[in-house]
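Asks: Based on what follows, work out the 3D shape:
(2 chains)
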Amino acid sequence: MSLFRNIVLAAVIAGLLSGLMLTVMQSFATVPLIVQAETFEGAGAEAGHSHDAAAPADHHDDAEAWMPADGAERFLYTAAANMLAGIGFALLLVTAAEALGGLKDWRGGLMFGLAGFLAFSLAPGLGLPPELPGMPAAELGARQLWWVATAGCTAIALGLLAYTRTPVLAVVAVVLLVLPHILGAPHPASHETAVPAELHARFVAAVLATSLVFWALLGAVSGLVRTRLRGGEEVYSAGTAEPVR
Amino acid sequence: MTTKTAAGAIGISASKIIPLSMTAMLGLFFVGFVGFSHMEVVHNAAHDSRHSLAFPCH
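Replies: From the prediction side, this is the model:
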């Protein structure tokens, strides 16, 4: 179990640090824009734009569901969500790196972090740009499916490009990179919204910039911690069977 | 198929498969919980994080 324990420990440290960093960056760069967009939310519905089938169900008017109060509580829940997502992404990153030969130093981790940005931020963002509250979008399930498929295809393609040397697999990689965008992301019937395009443009840029720093830090810290946490793993290199707990 | 070829090409040792699939599933669970859970309460708590990480929301 030492490999499992060491990976989880490295991922927790990297996820907590980069999640915290992301929260600080977001509180300056993206959250003010989200709050600003929320003032337009519902305005579109009143103007009669959201009555078609593709309009999103508006969660915010649902008085039944709990939501964090604005201010410190909202900030804390955002921080917790960012750190949990950070730990999850770090687990995937270190697992992929380990399957592909292991992280040797922070620079190797940084490369995996940049690949993570391409697969989980940039590629899905090309088809489904980061959304502000109050913007119309296609049905949630279809968008989530496209997002996951695109991230998965892009991650596999980057792995193939970096770790295989046969022309056939390079072609497969390019197909995997391009295919989700040719098929196209699900989009709503109408993009009409009360949210100003200028606000959305600033939000997309802010999301990409903060995500890039987040992923770079996540990868570099993962690499740094992982190279220092190898206790009890000799059993794996010796080629013996899975050790008992 | 392609992933198996890639993994085979760099030679992933059999003893690593179980711990690595466990860490991968744990990672998918965390990301799925924060970014994709349809539970109203989880959505509201992770709202700003979801929007800022460009997860599909609403």
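
Asks: and the residue sitting nearest the centre point of chain B, how far is that from residue A:232?
Replies: The residue lying closest to the centre of chain B (C-alpha atoms, centre = their mean) is residue B:28, at 2.2 Å. According to C-beta to C-beta, to the nearest Å, residue B:28 stands 25 Å off from residue A:232. For every residue, glycine as well, the C-beta is placed using N, CA and C.

Asks: Any residue of the host helix or strand of the residue nearest to the centre of chain B touching chain A?
Replies: Residue B:28 belongs to helix B:14-36 when assigned by DSSP states H and E. Yes: using C-beta under 8 Å from any C-beta of the partner chain, we find that helix B:14-36 touches chain A at B:15-16, B:18-20, B:22-24, B:26-36.

Asks: Any of these buried? List them.
Replies: B:15-16, B:19-20, B:22-24, B:26-28, B:30-31, B:33-36 (16 or more other C-beta atoms under 10 Å in any protein chain shown).

Asks: what's around residue A:66, how many residues?
Replies: Using other C-beta atoms under 10 Å in any protein chain shown, residue A:66 has 9 other residues around it.

Asks: if you skip the residues just before and after it, what's nearest to it?
Replies: Counting by C-beta to C-beta, 6 or more residues apart in numbering or on different chains, residue A:66 lies nearest to residue B:41, which is 5.4 Å off, once chain neighbours are set aside.

Asks: Quick one: residues contacting that neighbour.
Replies: A:65, A:66, A:67 (C-beta atoms under 8 Å, 6 or more residues apart in numbering or on different chains).

Asks: Would you agree the last one is in contact with residue B:48?
Replies: No: between residue A:67 and residue B:48 there is no contact, the gap being 10.9 Å when judged by C-beta atoms under 8 Å.

Asks: Look at those two and report which has more neighbours.
Replies: residue B:48 (25 against 17).

Asks: how far away is that one from chain A?
Replies: Distance of residue B:48 to chain A, given as C-beta to the nearest C-beta, to the nearest Å: 4 Å.

Asks: ok, now which ones touch that residue?
Replies: Contacts of residue B:48 by C-beta under 8 Å, 6+ apart are A:26, A:30, A:31, A:34, A:74, A:78, A:81.

Asks: which stretches of the chain aren't confidently modelled?
Replies: I'll assume chain A. Chain A contains residues with pLDDT under 70 at A:42-64, A:234-245.

Asks: if you could check chain B rather than the one you did, that'd help
Replies: Those would be B:1-11, if you go by pLDDT under 70 across chain B.

Asks: which element is residue B:43 on?
Replies: helix B:40-45.

Asks: again, but for residue A:6
Replies: Short version, using DSSP H and E: residue A:6 is in helix A:2-29.

Asks: and the helix or strand just after that helix with helix A:2-29, angle?
Replies: Next helix or strand after helix A:2-29 toward the C-terminus (DSSP H and E): helix A:31-38. Between helix A:31-38 and helix A:2-29, the angle comes out at 60 degrees (axes from the mean of the first three to the mean of the last three C-alpha atoms, to 10 degrees).

Asks: Which of the three states applies to residue A:195?
Replies: coil (DSSP: H, G, I helix; E, B strand; the rest coil).

Asks: my guess is it meets residue A:136, correct?
Replies: No: using C-beta under 8 Å, residue A:195 is not in contact with residue A:136; the gap is 9.6 Å.

Asks: So residue A:148 versus residue A:119, what's the distance?
Replies: Distance from residue A:148 to residue A:119, by C-beta to C-beta: 11 Å.
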